[in-house]
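1. quick one, fold the following:
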Amino acid sequence: MLDQAISKLDEVTSPGSLIYVISDFRTFSSKSEEIILRASRHSDVCLCHIYDPFEKMLPEYGSYPVTDKLKTWWMTASDKKFREKYTLQFEERRKRLRALGEHRHIKAFEISTEEDCFQVCH
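-> Numbering: from 1, shown residues only. Predicted coordinates:
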């Protein structure tokens, strides 16, 4: 879904636009990254990464239901390698967005679901 929305940027923006992308960026592809970089040549882009602390680091124990609205499966957090891989994926996504934020017309920031978004954005 995110890639589909970003692929429409060229159609719905014009030079000088202010573009906000608010997402968890879990499905942010290299193609979307290219489109964002291209859009930043003529517009200002804000990438707002919203995440739940659960995404940042899984608890050490327990099983948790995960759903894509079509099916549900159980994730077991007691597997240390799984938790490490999960945390690494989050950190890689975070690092990638921060790197994008270093471009001249791109601002990247993050908001935890535990934070007051009005405090973070000011």
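2. drop to CA atoms for contacts and neighbour counts, all remaining ones
-> Noted.
3. give me the three-state assignment for the residue most central in space within the chain.
-> Against the mean C-alpha coordinate of the chain, by C-alpha atoms, centre = their mean, the closest residue is Phe25 at 2.5 Å. Under the three-state scheme (DSSP: H, G, I helix; E, B strand; the rest coil), Phe25 adopts coil.
4. mind listing what it touches?
-> Leu2, His49, Arg93 (C-alpha atoms under 8 Å, 6 or more residues apart in numbering).
5. phi first, then psi, for it.
-> When read as degrees, to the nearest 10, the backbone of Phe25 gives phi 60, psi 20.
6. between the contacts of Phe25, which has the most around it?
-> Counting neighbours by other C-alpha atoms under 10 Å, His49 leads the contacts of Phe25 with 20 neighbours.
7. partners of the host helix or strand of it in the sheet?
-> Per DSSP states H and E: His49 is located in strand 44-51. According to DSSP bridges, strand 44-51 has the following sheet partners: strand 18-23 (parallel), strand 106-112 (parallel).
8. can you check the pLDDT for the nearest residue in space to Ser29 that is not next to it in sequence?
-> Among residues not flanking Ser29 along the chain, Asp3 sits closest, at 6.8 Å (C-alpha to C-alpha, 6 or more residues apart in numbering). Note for Asp3: predicted pLDDT of 89.
9. who does the top helix by length along the chain touch, helix- and strand-wise?
-> Secondary structure of the chain read by DSSP state H shows that its longest helix is helix 80-100. Packing partners of helix 80-100 (3 or more C-alpha pairs under 8 Å, 6 or more residues apart in numbering; DSSP states H and E): helix 53-56, strand 106-112.
10. now do the contacts for Pro53.
-> By C-alpha under 8 Å, 6+ apart, the contact set of Pro53 is Ser112, Thr113, Glu114.
11. sec struct for the last one, please.
-> Secondary structure, three-state DSSP: Glu114 is coil.
12. burial measure for Ser14, as a count.
-> Other residues within reach of Ser14, judged by other C-alpha under 10 Å, total 12.
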